[in-house]
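Engineer: one predicted model, sequence on top.
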There are 10 protein chains.
Amino acid sequence: MISSRTQVTEMIVSAKVRKGLKWADIAKQVGQSKEWTTAACLGQMTLDKKQAEIVGGIFELSDEAIAWLQIVPSKGSLSTAIPTDPLIYRWYEIVSVYGSTIKELIHEEFGDGIMSAIDFSMDIQRQADPKGDRVQVLLSGKFLPYKTY
Amino acid sequence: MISSRTQVTEMIVSAKVRKGLKWADIAKQVGQSKEWTTAACLGQMTLDKKQAEIVGGIFELSDEAIAWLQIVPSKGSLSTAIPTDPLIYRWYEIVSVYGSTIKELIHEEFGDGIMSAIDFSMDIQRQADPKGDRVQVLLSGKFLPYKTY
Amino acid sequence: MISSRTQVTEMIVSAKVRKGLKWADIAKQVGQSKEWTTAACLGQMTLDKKQAEIVGGIFELSDEAIAWLQIVPSKGSLSTAIPTDPLIYRWYEIVSVYGSTIKELIHEEFGDGIMSAIDFSMDIQRQADPKGDRVQVLLSGKFLPYKTY
Amino acid sequence: MISSRTQVTEMIVSAKVRKGLKWADIAKQVGQSKEWTTAACLGQMTLDKKQAEIVGGIFELSDEAIAWLQIVPSKGSLSTAIPTDPLIYRWYEIVSVYGSTIKELIHEEFGDGIMSAIDFSMDIQRQADPKGDRVQVLLSGKFLPYKTY
Amino acid sequence: MISSRTQVTEMIVSAKVRKGLKWADIAKQVGQSKEWTTAACLGQMTLDKKQAEIVGGIFELSDEAIAWLQIVPSKGSLSTAIPTDPLIYRWYEIVSVYGSTIKELIHEEFGDGIMSAIDFSMDIQRQADPKGDRVQVLLSGKFLPYKTY
Amino acid sequence: MISSRTQVTEMIVSAKVRKGLKWADIAKQVGQSKEWTTAACLGQMTLDKKQAEIVGGIFELSDEAIAWLQIVPSKGSLSTAIPTDPLIYRWYEIVSVYGSTIKELIHEEFGDGIMSAIDFSMDIQRQADPKGDRVQVLLSGKFLPYKTY
Amino acid sequence: MISSRTQVTEMIVSAKVRKGLKWADIAKQVGQSKEWTTAACLGQMTLDKKQAEIVGGIFELSDEAIAWLQIVPSKGSLSTAIPTDPLIYRWYEIVSVYGSTIKELIHEEFGDGIMSAIDFSMDIQRQADPKGDRVQVLLSGKFLPYKTY
Amino acid sequence: MISSRTQVTEMIVSAKVRKGLKWADIAKQVGQSKEWTTAACLGQMTLDKKQAEIVGGIFELSDEAIAWLQIVPSKGSLSTAIPTDPLIYRWYEIVSVYGSTIKELIHEEFGDGIMSAIDFSMDIQRQADPKGDRVQVLLSGKFLPYKTY
Amino acid sequence: MISSRTQVTEMIVSAKVRKGLKWADIAKQVGQSKEWTTAACLGQMTLDKKQAEIVGGIFELSDEAIAWLQIVPSKGSLSTAIPTDPLIYRWYEIVSVYGSTIKELIHEEFGDGIMSAIDFSMDIQRQADPKGDRVQVLLSGKFLPYKTY
Amino acid sequence: MISSRTQVTEMIVSAKVRKGLKWADIAKQVGQSKEWTTAACLGQMTLDKKQAEIVGGIFELSDEAIAWLQIVPSKGSLSTAIPTDPLIYRWYEIVSVYGSTIKELIHEEFGDGIMSAIDFSMDIQRQADPKGDRVQVLLSGKFLPYKTY
């Protein structure tokens, strides 16, 4: 009996190690970006029927598990409010150190409102650099203004 | 008596409202990007003597306050571990929803290590879009590998 | 020296008690709903120049305070993560008890996405009832779908 | 051996995915609103014997599970004090940003007291809108006054 | 400038020590129980005009402070989620140790619902006992049933 | 293998639902108040041999489980510091709103000390009322004075 | 205006440093043990009139401050739930490491109940030891049994 | 497969109830104080080979479990930062109420440093008293001075 | 099915006790320092194929477990934000007491930036001392400067 | 009136910026290491009379402030349990990632016990390195064994 998406995520994560797969290759089969596909396989996004069947095929999931991939999951991938993994913590630190800066500059350009985390996309690339390659991440979120009423 | 950088940040924030200034203009006078300059004025970065004097002139700061701008500050701009302001929270949410995805994809490309939040830069731009303009943020951080020893 | 919107909110709250004003009357002068106007006066919304001057006149605020009303505030009106005031706690309890229900029903109707808290309005009314009058609150938020990319 | 309602909720959630059911259809069979029925199936409300048997039939529950549906559950559906799921978080954010406003306006209209979360009902509807459909939620709670004694 | 009820509570608490008053005597002048009157003076209840003027007279409060006594306060008298004062902690411990028992027995007698903390009264008395006097507290709260809808 | 009282409590709770028993009836068989008996069955009190055997007979417990009923348990029945269940939360709210009042009035009557939560009893009754029946709870705790030494 | 005992404690602490006094000497003048006297001066115990006047004389306190010493204080001397000061933390660690042991051994000797922290005394002494002197602390608390009812 | 000392502690606790043993008797067989022996059996201390074999014999442990008794455990026996069990909480309360007093008196006698919780022993005794027997606990910890360098 | 590195760590820890191995010996076989090797076996570092096979051989791990050793783990070995184990807590205390000192001295020597915890190594040695042997730990982390941009 | 060491630390920190001093120079005048001296000036260590007078002279402190330098302070320099400043956080991360490793290796070498944070010293040096200079920190703490009793 599967009673949460978390169980399906564990099946996927386990199969990925056993089979030695790569997210980039899985994404190509799914036909979406590697960022969206990875988030979806890790239990953060909802797949449509076709996507779910492709993912189910790749990871040899049961029909029940494939059905769960099409259910909107309860999102959030951190196990503590402040992440402990160093790579993820650096992102929390960026929010901590630059949070007020991001807020000021978006308001200066757009006025009161937010950058959407829903109508949102992300692109992660290697940026070659003689002093050491860099991780370059492009975030794009629709600006949503507060309105008076 | 000034005993923390926070007091200087409050002076700057207060003067900025009174004078109706813009971060983009301040950055031009300082000669750095608007992202770094704003973070610096908000108490997250250390200014050199010349930068501190320019900022001091813009905000009419005392010599003591200008000296504090050149002292490495205690960083972190959030008043709670999970931010309450909706704009800043969305960034926390991105870390929460996409944290495991970012981790997987950086490791797939680079192996074990992190994206630096120190050897790091950020660029925030308006991206025109007929369905509603977007906030586009480019983050660039050096990849730092874990090594065996 | 005013260094945060909180100080302006305290001035407004203090003047309101001294003068014995009502939010409904203030809202009429501002020309917006009582919900938006109250949130704005309590430091959660940004006023335009004309609105700020009206509010400044009502509460006898200084020019500096009126300038602050036009600056995007750092939002969030709770002093603890779980509110202690019984009236506000009941709303937290609604989120706690009905949170999973709200999630299920919005997803059943709209698919994966959220109800916006930004493109959002609220209307609070008395609902006469022979068994005891009721508080009726109508919340309206734009549905924002997650998209694949 | 079933020792908590949570186990029954997991059985229901699991069966719902396997069978591809909809809350609106289940509610019709139970003969209550979709809001109350969903909350009840998710472990937040107590069913009477007839309702429990209908729900038990729909989800093929054992007699022991059907008995548990008629026991008052320990309520609260969030796994962390501050919800991590973006859809549920937006409701927490509404309480955070508008909490003081809701308090002020209910007190202005009714005096000291609260809006009940027990003598309470909720109605969630799609509101068609050319700029994007909206989620409209109507909350109705009895006003309960504090009394002197 | 008074900007919160807390400031008025501090004035009352300070004057009470200076003047050596007793809550029981204050309650007699106010014409309410000692329990309600103490809670009101400590910032947890709203006074009507006459009550506020009596309390203002007793503690020599300014007109502004007297006005604040008539404003619905933000309630909650604990400075930490788990109280540190031993006397108050014992009450928290009663909720911790007997919480599930109270829940079971109220539900056994009344069905699903709660004991109101709003339509509520409390009476604290000394109970003479040869083995050592006892504190006897009688709590009375209206039962509020959950309803289907 | 039973390694904590919690496991025995789960057996009791499970059997109670399966058998459709009432705490009041169980208490009569045990020969103690319904309050103490319920707390004991829910893992908060220690039973003597005879009580444990009666309880074991009612719920069809193994000898090992009956032995555990006679072991002093680790007490505390809340799963979070601030309870989420609405009925239990109302008691937490009483401590929050009335905590300082209870403290003041006990000290005014008895001097410095506490109301014991150990030498303590509780009685829960239905109080008929034409405006809606009430839950009446009588708490009695020995006063324990602080002494100088 | 003094509105809390904390202010008086700060006056005492400040005067003690200025005057270079010792707790042992103060205790002799007060006529109580150094443990009780120190706790009382640090805001944790209630002094009687005579004790308060002696303490007031030693620290040159105002009449208002002396009145506050006779008011039952809100107790608890830690500023965080887990103490940060190394000396006090070691005591927290003793509770953490030996907590279950203390519980087992008191129950083995006395049955179910607690060691009182109210009918309690403490004695701190230097214990000479050739391998390094030791701090010896004798705690004595009345055993309070849980009773059936 | 045993992968943590906690599992061994559960085996010991379970066997102790089944066999109806006493810590004082176990300690005699082990040849150490009842305080150290209990702490060791509850997973807080490391046993040597001979002690582990004696304890293994008493509780009928497997060789693997006996091996684990000789591994330094991860210490700390509280399941929450602030203990919920009333007996253990009283010790936390002593640290809270008397923490600053203990600090002051140890420093007055010894200067800056701490009372060791490692080079430490504890002795728990019944103290007969006509007004009710008392729990007497003697703590002895080496004083460790901070040094300049 | 293995779905997280934690499961592999438990297998290693369990086998180490059963087999009575030493980290120093394991490190020699792996060909790395004892510090890196221990951290790797405890789930904090990523092993290459050869290292994983050696470790797998030592602890008799399955091929699936050996595959997991080569996957970048989710790092962080504390089960609570503030560690409870006395040995690990002392390190937390060093950060607490000396944190501001370390910050000041690194900034005084290097300017604004951090000591890397990624390009980092650690060496733990016994330091013989007639007054009691000492633990000597040498930490070496690359200085990473903040840069303007 | 000075009522806590924190106030003295603020005076020192403020004077240090105004005067443009260096910790290394201050340490030379005090005659202790730069690590101990900085910790002492930042409120974590107790100075003797001569050291306090030297520090008082350097920072132009009042006699009252100089007296406070000789009082054992309440230690702990972090304002949150998990530090937010990136430099200090890296040290917390070292404890998090390497905590279990440090524990294992110290126990392997020394048996059960701890590395003292009291009988402790620290030395911070620049380590020249062609790939970028490193921060080298040598920590030395006496090993303190747990003993049986």
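Structural biologist: The structure has been received and is ready for your questions. The structure presented is a predicted model; accordingly, all values stated were derived computationally and were not measured. Numbering: from 1, shown residues only, chains lettered A, B, ... in the order given.

Engineer: tell me the spacing between the most centrally placed residue in chain A and chain I.
Structural biologist: Among the residues of chain A, the one closest to the centroid is residue A:39, at 3.5 Å (CA atoms, centre = their mean). From residue A:39 across to chain I, the span is 16 Å (CB to the nearest CB, to the nearest Å). For the C-beta atoms, the positions are set from N, CA and C on the backbone; glycine is no exception.

Engineer: let me see the confidence value for that residue.
Structural biologist: We note a pLDDT of 98 for residue A:39 in this prediction.

Engineer: now it: which helix or strand?
Structural biologist: Counting by DSSP states H and E, the element that carries residue A:39 is helix A:34-41.

Engineer: show me what that helix is packed up against.
Structural biologist: helix A:5-19, helix A:23-30, helix A:49-59, strand A:113-127, helix B:86-110 (3 or more CB pairs under 8 Å, 6 or more residues apart in numbering or on different chains; DSSP states H and E).

Engineer: the nearest residue to residue A:40 once chain neighbours are set aside: what secondary structure?
Structural biologist: Leaving aside its chain neighbours, residue A:40 sits nearest to residue A:47 (5.5 Å; criterion: CB to CB, 6 or more residues apart in numbering or on different chains). At residue A:47 the chain is in coil, as set by DSSP: H, G, I helix; E, B strand; the rest coil.

Engineer: with residue A:67 instead?
Structural biologist: Classification of residue A:67 using three-state DSSP returns helix.

Engineer: follow-up on the earlier one: give me the angle between the helix holding residue A:39 and helix B:86-110.
Structural biologist: Angle of helix A:34-41 versus helix B:86-110, following axes from the mean of the first three to the mean of the last three CA atoms, to 10 degrees, is 100 degrees.

Engineer: any idea what residue A:122 is bridged to?
Structural biologist: Taking DSSP bridges as the rule, residue A:122 bridges to residue A:139.

Engineer: ok, it touching residue A:91?
Structural biologist: No - between residue A:122 and residue A:91 there is no contact under CB atoms under 8 Å: 11.4 Å.

Engineer: neighbour count winner among the two?
Structural biologist: Here residue A:122 and residue A:91 are set side by side on neighbour count (other CB atoms under 10 Å in any protein chain shown), and the busier one is residue A:91, at 26 against 21.

Engineer: pull up the gap between that one and residue H:72, please.
Structural biologist: Residue A:91 sits 35 Å away from residue H:72, taking CB to CB, to the nearest Å as the criterion.

Engineer: would you map out the domains in chain A?
Structural biologist: A:5-69, A:86-145 (the TED database).

Engineer: got the end-to-end distance for the longest one?
Structural biologist: Put plainly, it is domain A:5-69. 7 Å (CA to CA, to the nearest Å).

Engineer: ok, the closest residue to residue A:6 other than its chain neighbours - contacts?
Structural biologist: The shortest distance from residue A:6 to any non-neighbouring residue, by CB to CB, 6+ apart, is to residue A:43 (6.4 Å). By CB atoms under 8 Å, 6 or more residues apart in numbering or on different chains, the contact set of residue A:43 is A:5-6, A:8-9, A:73, A:75, A:77.

Engineer: ramachandran angles for residue A:43?
Structural biologist: phi 90, psi 20 (degrees, to the nearest 10).

Engineer: got the confidence number for it?
Structural biologist: 98.

Engineer: what does the one 10 residues further on give?
Structural biologist: pLDDT recorded at residue A:53 is 98.

Engineer: do the same with the one 10 residues further on
Structural biologist: Per-residue confidence (pLDDT) for residue A:63: 98.

Engineer: who's in contact with it?
Structural biologist: Contacts for residue A:63 (CB under 8 Å, 6+ apart) come out as residue A:56.

Engineer: quick one: it from chain C, how far?
Structural biologist: 21 Å.

Engineer: using the three-state scheme, assign the closest residue to chain D within chain A.
Structural biologist: Going by CB to the nearest CB, chain D is nearest to residue A:76 of chain A, at 3.0 Å. Here residue A:76 is recorded as coil under three-state DSSP.

Engineer: now residue A:110. Nearest residue, chain neighbours left out?
Structural biologist: Distance criterion CB to CB, 6+ apart; nearest residue to residue A:110, sequence neighbours excluded, is residue A:143 at 4.9 Å.

Engineer: is it fair to say that neighbour lies in a strand?
Structural biologist: Yes - assigned with three-state DSSP, residue A:143 falls within a strand.

Engineer: go ahead and confirm residue A:146 touches residue C:47.
Structural biologist: No - in this structure, residue A:146 is not within contact of residue C:47 by CB under 8 Å, at 11.3 Å.

Engineer: distance between the ends of stretch A:35-51?
Structural biologist: 15 Å.

Engineer: ok so, going back, so what's the residue nearest to residue A:40 up against?
Structural biologist: By CB under 8 Å, 6+ apart, the neighbours of residue A:47 are A:40, A:55, A:69-70.

Engineer: report the closest residue of chain A relative to chain H.
Structural biologist: When scored by CB to the nearest CB, chain A has residue A:80 as its residue closest to chain H, at 14.4 Å.

Engineer: per-residue confidence for that residue?
Structural biologist: On pLDDT, residue A:80 comes in at 95.

Engineer: so what's the spatially closest residue to it that is not a sequence neighbour up against?
Structural biologist: Distance criterion CB to CB, 6+ apart; nearest residue to residue A:80, sequence neighbours excluded, is residue I:81 at 7.5 Å. The contact partners of residue I:81, taken as CB under 8 Å, 6+ apart, are A:80, A:82, J:81-82.

Engineer: alright, I will stop here.
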